[in-house]
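**Student:** below are the sequence and a predicted model; questions follow.
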Amino acid sequence: MSDAAIAAKPAAMGFFERYLTLWVALCIVVGILLGQAVPGVFHALGAMTLAEVNLPVAVLVWLMIIPMLLKIDLAALGKVGAHWRGMAATVGINWLVKPFSMALLGWLFIGTLFRAWLPADQIDSYIAGLILLAAAPCTAMVFVWSNLVDGEPHFTLGQVALNDIIMIVAFAPVVGLLLGLSAIVVPWDTLLLSVGLYIIVPVVVAQLWRRALLARGALDNTLRRLGPWSLVALLATLVLLFGFQGEQIIRQPMVIMLLAVPILIQVYFNAGLAYWLNRKLGVEWCVAGPSALIGASNFFELAVATAIALFGFQSGAALATVVGVLVEVPVMLSVVHIVRRSRGWYERG
């Protein structure tokens, strides 16, 4: 089996992925209860930092991200020309539209329309979290979404590999620019450190490990074993986060619902724009489907980790990124449904 076939192989959502929203909701409850019952434990974990990076979170993030990056074959970059129109549409949405549209929606809804219902001292932090959520395209779950719309696997693989490379050089500048435009102080040293720890190191480690596993014919089995641990690490991070956020959430449960509004709008807007662009460019439906889904989904693991590193566990930024996790699966499944139901319209174009 080729590297590309192995990397594109995931065929459907497993038990954990299918009910991710439920697990996140349970983590909210468990985290809040534990935060009230044993606050000293959470404060001790929060204090375990080195150069502004929380060490327990760093370990959990590597457990989240590295298994996902093991699926990516960077050699697929050599095939991006085969679907260049779909690639161009997705890259444009991911890097020229999505972060900026989310910043605009954040300023409109959180900074203006919903301001009266949100804690005044967290407004800028909420907007920062939304920007972080939109600044990096999804890496792993898009293989699942692509399969659910019968997407072209080599396009999906090549697009994700290309986005990973772009993310190494573009994530920090895009985030820094939009935070600066939002009048939010940018801690550049911490931001660049986060890029190194949560993007560059995992990509390098995953590619070296991938080569070793392929040489031994053990990649498939390793991915199956690591898959649940990746999600367990995500859920453990969320328990930590809500252990710190619990008191604020109990006081203002409406915050989560209000933060979800710009996230929902930006997902549907960017998915629709990518889908429409591909149709105008004459791209096949099997490429347009995953293009729309990659254009709409977010690398929420990276967003959560960076928000905690930049602003802390108790920040509005960290909470905003977690709301993205909460809505990710049901919203993306609805996009999958729309793409599949509209196939006839697309192909008649």
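**Tutor:** Looks like it arrived, so ask away. Residues are numbered from 1 along each chain as shown.
**Student:** contacts, neighbours, all on C-alpha from now
**Tutor:** Noted.
**Student:** now R279: how far from R348?
**Tutor:** 10 Å (Cα to Cα, to the nearest Å).
**Student:** quick one: pLDDT of the closest residue in space to L55 that isn't next to it in sequence?
**Tutor:** Nearest residue to L55, sequence neighbours excluded (Cα to Cα, 6 or more residues apart in numbering): T49, at 5.5 Å. Looking at T49, its pLDDT is 77.
**Student:** burial count for V261?
**Tutor:** Neighbourhood size, V261 [other Cα atoms under 10 Å]: 14.
**Student:** the helix or strand containing M102: how far from the chain's middle?
**Tutor:** According to DSSP states H and E, M102 maps onto helix 98-105. Its chain's C-alpha centre and that of helix 98-105 lie 15 Å apart, by Cα atoms, centre = their mean, to the nearest Å.
**Student:** helices and strands around it, which ones?
**Tutor:** Packing partners of helix 98-105 (3 or more Cα pairs under 8 Å, 6 or more residues apart in numbering; DSSP states H and E): helix 123-134, helix 153-181, helix 254-280.
**Student:** okay, those helices, which one's buried deepest?
**Tutor:** helix 123-134 (a mean of 28; mean count of other Cα atoms under 10 Å).
**Student:** now do that one: everything it contacts.
**Tutor:** Residues from elsewhere that reach helix 123-134, judged by Cα atoms under 8 Å, 6 or more residues apart in numbering: 98-99, 102-103, 106-107, 110-111, 115, 175, 178-179, 182, 184, 259, 263, 298-300, 303-304, 306-307, 311, 315-321, 324.
**Student:** could you give me the PyMOL selection string for whichever of these are buried?
**Tutor:** A single PyMOL command selects the buried members of the contacts of helix 123-134 (16 or more other Cα atoms under 10 Å):
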select buried, resi 98+99+102+103+106+107+110+111+115+175+178+179+182+259+263+298+299+300+303+304+306+307+311+315+316+317+318+319+320+321+324
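**Student:** what angle sits between the helix holding M102 and helix 254-280?
**Tutor:** 140 degrees (axes from the mean of the first three to the mean of the last three Cα atoms, to 10 degrees).
**Student:** in three-state terms, label A183 for me.
**Tutor:** Secondary structure assignment for A183 (DSSP: H, G, I helix; E, B strand; the rest coil): coil.
**Student:** hmm, back to that, what is the neighbour count of the residue nearest to L55?
**Tutor:** Count around T49 with other Cα under 10 Å applied: 14.
**Student:** next, give phi and psi for it.
**Tutor:** phi -120, psi 160 (degrees, to the nearest 10).
**Student:** next one: I72
**Tutor:** Torsion angles, degrees, to the nearest 10, at I72: phi -90, psi 130.
**Student:** wait, it sits on Q159?
**Tutor:** No. With contact defined as Cα atoms under 8 Å, I72 does not count as touching Q159 (10.1 Å).
**Student:** so L302 touches Y198, yeah?
**Tutor:** Yes. Applying Cα under 8 Å as the test, L302 and Y198 come out as touching, 6.6 Å apart.
**Student:** output stretch 146-164 as PDB, restricted to C-alpha atoms.
**Tutor:** C-alpha atoms of stretch 146-164 as PDB (Å, rounded to 0.1, in the frame of the first residue of the first chain):
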ATOM      1  CA  SER A 146     -13.500  14.000   3.200                       C
ATOM      2  CA  ASN A 147     -14.400  10.300   3.300                       C
ATOM      3  CA  LEU A 148     -18.000  11.100   4.300                       C
ATOM      4  CA  VAL A 149     -18.400  13.200   1.100                       C
ATOM      5  CA  ASP A 150     -16.600  10.600  -1.100                       C
ATOM      6  CA  GLY A 151     -13.800  13.100  -1.500                       C
ATOM      7  CA  GLU A 152     -10.700  12.500  -3.700                       C
ATOM      8  CA  PRO A 153      -8.200  11.100  -1.100                       C
ATOM      9  CA  HIS A 154      -5.100  12.400  -2.900                       C
ATOM     10  CA  PHE A 155      -6.400  15.900  -3.000                       C
ATOM     11  CA  THR A 156      -7.300  15.800   0.700                       C
ATOM     12  CA  LEU A 157      -3.800  14.500   1.600                       C
ATOM     13  CA  GLY A 158      -2.000  17.000  -0.600                       C
ATOM     14  CA  GLN A 159      -4.200  19.900   0.700                       C
ATOM     15  CA  VAL A 160      -3.500  19.000   4.400                       C
ATOM     16  CA  ALA A 161       0.200  18.600   3.800                       C
ATOM     17  CA  LEU A 162       0.300  22.000   2.000                       C
ATOM     18  CA  ASN A 163      -1.600  23.600   4.800                       C
ATOM     19  CA  ASP A 164       0.800  22.200   7.400                       C
END
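**Student:** what about that stretch, average pLDDT?
**Tutor:** pLDDT averaged over stretch 146-164 gives 85.
**Student:** could you number the chain from 38 rather than 1 from now on?
**Tutor:** Sure, I'll start numbering at 38, so the last one becomes stretch 183-201.
**Student:** any idea how far that stretch is from the chain center?
**Tutor:** That offset, for stretch 183-201, works out to 16 Å (Cα atoms, centre = their mean).
**Student:** same thing with stretch 193-207?
**Tutor:** Counting by Cα atoms, centre = their mean, stretch 193-207 is centred 13 Å from the centre of its parent chain.
**Student:** repeat for stretch 168-187
**Tutor:** Worked out by Cα atoms, centre = their mean, stretch 168-187 lies 7 Å from the chain centre.
**Student:** kindly report the same for stretch 368-379.
**Tutor:** On Cα atoms, centre = their mean, the centre of stretch 368-379 falls 18 Å from that of its chain.
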